[in-house]
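A.B. asks: Quick one: sequence plus predicted model below, questions after.
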Amino acid sequence: MKSGNRYSDTKLALLLMMPAASLVIGLYFLPTLITFLMSFQKRDIGENLFEVIMNIPNSNLDNYIRSFRDPDWIASFNQTLLLILIVTGLGIIISLGIAILLSQEFKGRGLIRALILIPWAVPPIVNGTTWTLIYHPQVGTLNALLNQIGIIDRYIIWFIDPLLAIFAAGLAITWRFIPFMTLFILAGLQTVQKELYESAMVDGANFFRRFVHITFPAIRPVLLTVIFMQIIWTTKVFDEIWALIKGGAAGTTVMNLWIYRQAFEFLRYGYGSALAYLLALFTSVIVVAYYYLVSKKSER
Amino acid sequence: MRISKSKLNKIIIYVAAIAVALIIMFPLYTLFMMSVISRVQLFSKPFNWIPVTATFKNYIEILKPEHPVPVFQGIINSFIVAIWTAMLSLLLSSLAAYALARLRFPYKAHILTSLLSFYMLPAMLFLIPIFIIMKYLNLLDTYLSLVLPYSVWITPFATLILKAFFESIPSTVEEAAWIDGCSKLSALRRVIVPLAIPGLVATFIYAFILSWNEFLTPLIMTNRTILITTALGRYRSTYDIEIGQMAAAGVYSILPVVILTIIFQRYIIKGIVEGAIKG
């Protein structure tokens, strides 16, 4: 009886998942496989798929070897690492602050909570465009603000220096990531037991002591997850970089954008595919490291 | 002494709250203000932060057919594509999510794990061949060349959110329906779907927003069929741009999704947190 029930469960499950599965297999797993095949073929091959299939015997590692000698690719790798550092660092500090604020009770908390959700909804390309207005060398509001409070005495061209450019882009991206990080950390904060704080207050522990000894240990796993998600998403960022530093000097872009340019501007599908797989490899290393860290933690 | 300490706490909290509001509002305010102020005020120094002569002429100007960037057509196209995508991914994900939430079958954990790979891997991995296929089939510049790739990565998100939603409906409800003689499929249709309507609506909105915001896919797949996001991108690559007009187009593109987000904030917060917790 029970096994019969289970069998029909499996059949029904297959039936229900079939439509979604065929879409995902046909337009995700299959293309991903084709990209893999293309990554071992001539740089500019891939005008049609038959050509790619016929050319399989001519596969080699040229694209991958070439990538290590491609200075722009190396530079975009470094820029991506830098961007990860900036976005994660800034994001954690800002979001942790906001999350702690939102875990207090005060009038207007609902308003702030609704407000911090907005960046999530803003289209990333519009976010990028908006920050071009903020960073604009003649009319930018950042220049105006810093000038009026007396930090700078003349307007600055932010995107002339690659380091400043990536920092500026990182700030824009961080702004869009605030909602997710804050809500996630806030969810973690709400699991911390209230009694712990109360007894700490009775013992006279101040805010910082409470944070270091109660809050931080309790939300450490959540922070780890947030940092992990942050790193993954930063490797996938495209729109803000496109809007802010697309036309910039070589070496200011990130990996994702460089792959796009190789594949769709220079029409080197094979080389672009190889680079896409290298980025995927980078992502996989982070994923594995994360799971290793998490499983090590839970063993203790 | 005690009172002053709690007062100090209050002051700190409100200063922090105002700072947070300013951080969030600063970009939005910049965009809005630049869309309504005159060129004279835009270039005035020191900069005046309050719009002196607010005008909405940019908003009207950019919708006209002779405007070099087809913003109006972009808004229409974005709506059509987002609605098709939301309907398709809602249909596919609700079926799959029900199976994952309620039925017992082998390899379920593997399927869930593979859904997560969509969060992780770069979109370029599948966009390059999809572009080649679409080009081969002469489908570039069609709605289909956008709706299909969008649905591919929105469906897994939607499935995870809906699965959590289905799981929150007590299973005793449908067991009662089975006992009354409903088959599993008709129990799904008659009992679960009505109960799940809020979750389905929220997922639809979620998918709509993700689709509306997408830029990379249309950048690759379309050229003549312009969306609101690629219209914005076109302002960026045009040299002689009017900042006010670009800002107005930005406000148009933000408005629908921000309004939807505020209306559905409870569900969206749930979706963001629950969808990601599985990550």
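C.D. replies: Yep, it's here. Values in this document were obtained by computation on a predicted structure and should not be read as measured data.
A.B. asks: rest of the way, CA atoms for contacts and neighbours
C.D. replies: OK.
A.B. asks: three-state assignment of B:P106?
C.D. replies: Under DSSP: H, G, I helix; E, B strand; the rest coil, B:P106 falls in the coil class.
A.B. asks: In contact with the closest residue to it other than its chain neighbours: list those residues for me.
C.D. replies: What sits nearest to B:P106 in space, not counting adjacent residues and going by Cα to Cα, 6 or more residues apart in numbering or on different chains, is A:T10, at 7.5 Å. Contacts for A:T10 (Cα atoms under 8 Å, 6 or more residues apart in numbering or on different chains) come out as B:103-106.
A.B. asks: quick check: domain ranges of the chain?
C.D. replies: Going with chain A. Each domain of chain A is listed here as a residue range: A:2-58, A:70-267, per automatic domain parsing.
A.B. asks: um, chain B though
C.D. replies: Split by automatic domain parsing, chain B gives B:1-55, B:66-278.
A.B. asks: Make JSON lines from those and add mean pLDDT and mean neighbour count to it.
C.D. replies: Formatted as JSON lines, the domains of chain B follow (pLDDT from 0 to 100; neighbours: other Cα atoms under 10 Å in any protein chain shown):
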{"stretch": "domain B:1-55", "mean pLDDT": "86", "mean neighbour count": "15"}
{"stretch": "domain B:66-278", "mean pLDDT": "87", "mean neighbour count": "19"}
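A.B. asks: Quick check: which of these is nearest to A:S273?
C.D. replies: Across the domains of chain B, A:S273 has its closest neighbour in domain B:66-278 (6.9 Å, Cα to Cα).
A.B. asks: if we can go back for a sec, among the domains of chain A, where is the model least confident on average?
C.D. replies: Note on the domains of chain A: domain A:2-58 shows the lowest mean pLDDT, a mean of 81.
A.B. asks: winner for burial among the domains of chain A?
C.D. replies: The highest mean neighbour count among these, using mean count of other Cα atoms under 10 Å in any protein chain shown, belongs to domain A:70-267: a mean of 19.
A.B. asks: Could you check what's spatially nearest to A:N127, not counting adjacent residues?
C.D. replies: Spatially, and ignoring its direct neighbours in sequence, A:N127 is nearest to A:E240 (6.7 Å; Cα to Cα, 6+ apart).
A.B. asks: Hmm, that neighbour is touching A:I166, no?
C.D. replies: No - between A:E240 and A:I166 there is no contact under Cα atoms under 8 Å: 10.6 Å.
A.B. asks: Skipping adjacent residues, who's closest to the residue in the stretch 101-250 of chain A positioned nearest to chain B in space?
C.D. replies: Nearest residue of the stretch 101-250 of chain A to chain B (Cα to the nearest Cα) works out as A:P123 at 4.4 Å. For A:P123, ignoring the flanking residues on the chain, the nearest one in space by Cα to Cα, 6+ apart is B:N213 at 4.4 Å.
A.B. asks: For the one you found, list the residues it contacts.
C.D. replies: Taking Cα under 8 Å, 6+ apart, we find B:N213 in contact with A:121-125, B:229.
A.B. asks: what sits against the residue of the stretch 101-250 of chain A closest to chain B?
C.D. replies: The contact partners of A:P123, taken as Cα under 8 Å, 6+ apart, are B:212-214, B:229, B:253-254.
A.B. asks: if we go to 10 Å?
C.D. replies: Shown in contact with A:P123 (Cα atoms under 10 Å, 6 or more residues apart in numbering or on different chains): A:129, A:176, A:239-240, B:209-215, B:228-229, B:250, B:253-254, B:257-258.
A.B. asks: picking that back up, can you tell which of the domains of chain A is closest to B:L90?
C.D. replies: The nearest among those, by Cα to Cα, is domain A:2-58 at 10.0 Å.
A.B. asks: Quick one: end-to-end length of stretch A:99-112, please.
C.D. replies: 11 Å (Cα to Cα, to the nearest Å).
A.B. asks: can that stretch be found next to chain B?
C.D. replies: Yes - using Cα under 10 Å from any Cα of the partner chain, stretch A:99-112 reaches chain B at A:100-102, A:104-109, A:111-112.
A.B. asks: my read: A:L279 touches A:L81, true?
C.D. replies: No - between A:L279 and A:L81 there is no contact under Cα atoms under 10 Å: 11.8 Å.
A.B. asks: shared neighbours, those two?
C.D. replies: A:235, A:255.
A.B. asks: pretty sure A:M18 is touching B:A97, no?
C.D. replies: No - the criterion here is Cα under 10 Å, and A:M18 misses it with B:A97 at 11.8 Å.
A.B. asks: Longest helix in chain B, please.
C.D. replies: helix B:2-36 (DSSP state H).
A.B. asks: which element follows that one toward the C-terminus?
C.D. replies: Remark: after helix B:2-36, the chain's next helix or strand is helix B:39-43, criterion DSSP states H and E.
A.B. asks: do that following helix and chain A meet?
C.D. replies: Yes - judged by Cα under 10 Å from any Cα, helix B:39-43 and chain A are in contact via B:41-43.
A.B. asks: How about stretch B:156-170?
C.D. replies: Yes - counting by Cα under 10 Å from any Cα, chain A is contacted by stretch B:156-170 at B:156, B:159.
A.B. asks: With B:L162 as the reference, measure out to B:L103.
C.D. replies: Relative to B:L162, B:L103 is positioned 14 Å away (Cα to Cα).
A.B. asks: same deal with A:L275?
C.D. replies: Distance of A:L275 to B:L162, given as Cα to Cα: 34 Å.
A.B. asks: Kindly report the same for B:N9.
C.D. replies: Remark: distance between B:N9 and B:L162 (Cα to Cα) = 41 Å.
A.B. asks: Spell out, range by range, the helices that occur in the stretch 51-200 of chain B.
C.D. replies: Along the stretch 51-200 of chain B, counting by DSSP state H, counting those that start in this stretch, helices occupy B:57-61, B:71-102, B:108-120, B:124-136, B:144-167, B:171-179, B:184-187, B:193-213.
A.B. asks: what helices or strands is the second one leaning on?
C.D. replies: Helix B:71-102 sits against helix A:2-24, helix B:108-120, helix B:144-167, helix B:193-213, helix B:228-237, helix B:243-263, with contacts defined as 3 or more Cα pairs under 10 Å, 6 or more residues apart in numbering or on different chains; DSSP states H and E.
A.B. asks: same deal with the first one?
C.D. replies: Applying 3+ Cα pairs under 10 Å, 6+ apart, one finds that helix B:57-61 makes contact with helix B:2-36, helix B:243-263.
A.B. asks: gap between the first one and the chain center?
C.D. replies: Just to be clear, that refers to helix B:2-36. On the basis of Cα atoms, centre = their mean, to the nearest Å, helix B:2-36 sits 26 Å off its chain's mean C-alpha point.
A.B. asks: Report the contact partners of A:I56.
C.D. replies: Taking Cα under 10 Å, 6+ apart as the test, what A:I56 contacts is A:37-38, A:40-41.
A.B. asks: just checking, which of these belong to helices?
C.D. replies: If you go by DSSP H, the contacts of A:I56 have A:37-38 in helices.
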